[in-house]
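> Any chance you could fold what I've pasted below:
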Amino acid sequence: MAMKRRIILHIDVNNAFLSWTAVNMLHNGSKVDIRNRYAVIGGDEATRHGIVLAKSIPAKKKGVVTAETLYSARKKCPYLEVYPPEFKVYKKYSDRMYTYLCNYSKKIERYSIDECFMDYTDSYQKFGDPVKLAYRIKNEIRDNFGFTVNVGIGDNKLLAKMASDFSKPDKVHTLFTDEIKEKMWPLDVNDLFMIGKASSKKLHELNINTIGELANTDINFLMRHFKSMGKMMWEYANGIDNSEVESERGSPKSISTSVVLPYDYTNVEEIKKILRDLSIDTGRRLRNKKMYASNVSIWIKFHDFTKISKQMTLDKLINSNDDIYDNACKLLDKIYNPDGDKKVRSLCVGVANLTDTYKVQLSLLENNLKEENINDELKKTLEDIKKKYGDKSITYADRIHK
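Next comes the predicted model:
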């Protein structure tokens, strides 16, 4: 029996941060669509975070580019309007899109806050031609949610993503294996997914200028110059990618909280802040079920489709935020190398080996049981206060600005 042909869709929001800010403003009564103005989304101009995160088409025409400082952008466009990033707003629209896409497939992977992969292979029989379905998705998102997306269709995640990066906005493109030579090989090597500026420059110096030339270069030659990266370059240039679309549905025997980050993270301290938030949410859900765990796990998904995970089994039962967070940080230190070239795209903190009965070793002092009961009462009181007055009513001392 012939293997079923994979059909993967990549849905990518056009200019997500600026579009979502614009849509949210319009929904809240604004008469101005900042997508049509000289506008950018940017951080605090008085700090090192004052960079352009997203730009409107009019601002782009003035030469404003993503990741440049707002100071530099204002030199190009003195009348530039700067709007702060609102990640809660972005998550709201990202969640709406994800929920909508789940109507068409059980396998949806949130690759970033504004991108999803959909494995359409098993849905084909129900919904039919993937190109027609892609147009339907594109149009329904535009008409129902107010922002536009590109949809790429291919045999694997790599080809679907490459297809969605073709001309924008509000477009559908295909890139199947039999279209690689025609549609992908003529492109500059810089257009290949995962080829950065440094690698692109080095390839050009080696007189490898197009993706087609890269695909037909001896793989051993590439590995001599780029090590393991050379093998991946060659595979991607030939459209080879066997990674699965990973839907993130937790086991009923575990509790986990994950987040798709608004941009790629590399700073360990920033990553640990995210782990703390995830640990707090996981701990709250664990206590709401009146359960304890003896296993903590984390997984990290990187910008290049790869994923790494690690878990540890503890010699005691836990359900506090601090215990979950401390162990999550230990796991992070074991599996993440901040000096490497991996950029963190999403994170997850989970607990497993759940039980609703707290057990202690007989060798422990008797009053430990009393202390545990006291701690449980304290946790419950803190949770009640937060439910009534909000999450920020009680916080960690190190978060208070002095």
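
> Could you list the low-pLDDT ranges of the protein?
1-4, 46-49, 248-252, 358-402 (pLDDT under 70).

> so how far is residue 290 from residue 357?
Residue 357 is 10 Å from residue 290, where distance means C-beta to C-beta, to the nearest Å. In this view, the C-beta of every residue, glycine as well, is placed from N, C-alpha and C.

> List the backbone torsions phi and psi for residue 184.
Residue 184 adopts backbone torsions of phi -110, psi -40, taken as degrees, to the nearest 10.

> From what I see, it and residue 211 are in contact.
Yes. Using C-beta atoms under 8 Å, residue 184 makes contact with residue 211 at a distance of 5.5 Å.

> more crowded one of these two?
Between residue 184 and residue 211, residue 211 has the larger neighbour count (other C-beta atoms under 10 Å), namely 28 against 25.

> Cross-check the contact I'm expecting between the more buried one and residue 188.
Yes. The pair residue 211 / residue 188 is scored as a contact, 7.5 Å apart, by C-beta under 8 Å.

> measure residue 105 to residue 303 for me?
23 Å.

> The two: who's more crowded?
Between residue 105 and residue 303, residue 105 has the larger neighbour count (other C-beta under 10 Å), namely 24 against 20.

> quick revisit: out of residue 357 and residue 290, which sits in the busier spot?
residue 290 (12 against 8).

> List the contacts of residue 230.
By C-beta atoms under 8 Å, 6 or more residues apart in numbering, residue 230 lies in contact with 219, 221, 222, 223, 224.

> Next, find the distance separating it from residue 162.
19 Å.

> Mind listing what's buried along stretch 317-327?
Under the neighbour-count criterion of 16 or more other C-beta atoms under 10 Å, stretch 317-327 has 317, 318, 319, 320, 321, 323, 324, 325, 327 buried.

> Also stretch 255-269?
Of the residues in stretch 255-269, 255, 256, 257, 258, 259, 260, 261, 262, 265, 268 count as buried by neighbour count, 16+ other C-beta under 10 Å.

> How about residues contacting it?
17, 53, 85, 87, 90, 94, 110-113, 248, 250, 271, 274, 277-278, 281-282, 285-286, 289, 291, 293, 297, 299, 303, 332, 336, 338, 343-352, 354.

> In helices, which of those appear?
Counting by DSSP state H, the part of those found in helices is 17, 87, 90, 94, 271, 274, 277-278, 281-282, 285-286, 332.

> So which of those is the closest to residue 65?
Closest to residue 65 out of the ones in helices among the contacts of stretch 255-269 is residue 17 (14.6 Å), distances taken as C-beta to C-beta.

> Next one: the closest one relative to residue 112, how far apart?
In terms of C-beta to C-beta, residue 17 sits 11 Å off from residue 112.

> same deal with residue 342?
Distance of residue 342 to residue 112, computed by C-beta to C-beta: 15 Å.

> Ok, residue 13 next?
For residue 13, the distance to residue 112 equals 9 Å [C-beta to C-beta].

> what about residue 96, how many residues close to it?
Around residue 96 there are 14 residues (other C-beta under 10 Å).

> and if you look at residue 88?
Neighbour tally, residue 88, other C-beta under 10 Å: 8.

> Likewise for residue 60?
Residue 60, neighbours per other C-beta under 10 Å, totals 15.

> host element of it?
Assessed by DSSP states H and E, residue 60 sits inside helix 57-61.

> Same check on residue 308?
For residue 308, the host element (DSSP H and E) is strand 307-318.

> List the strands paired with that strand, with their directions.
strand 293-302 (antiparallel) (DSSP bridges).

> Which residues does the strand it pairs with contact?
Counting by C-beta under 8 Å, 6+ apart, 254-256, 258, 275, 286, 307-319, 324, 327-328, 331-332, 335-336, 342-355 sit against strand 293-302.

> Right, I'll leave it there.
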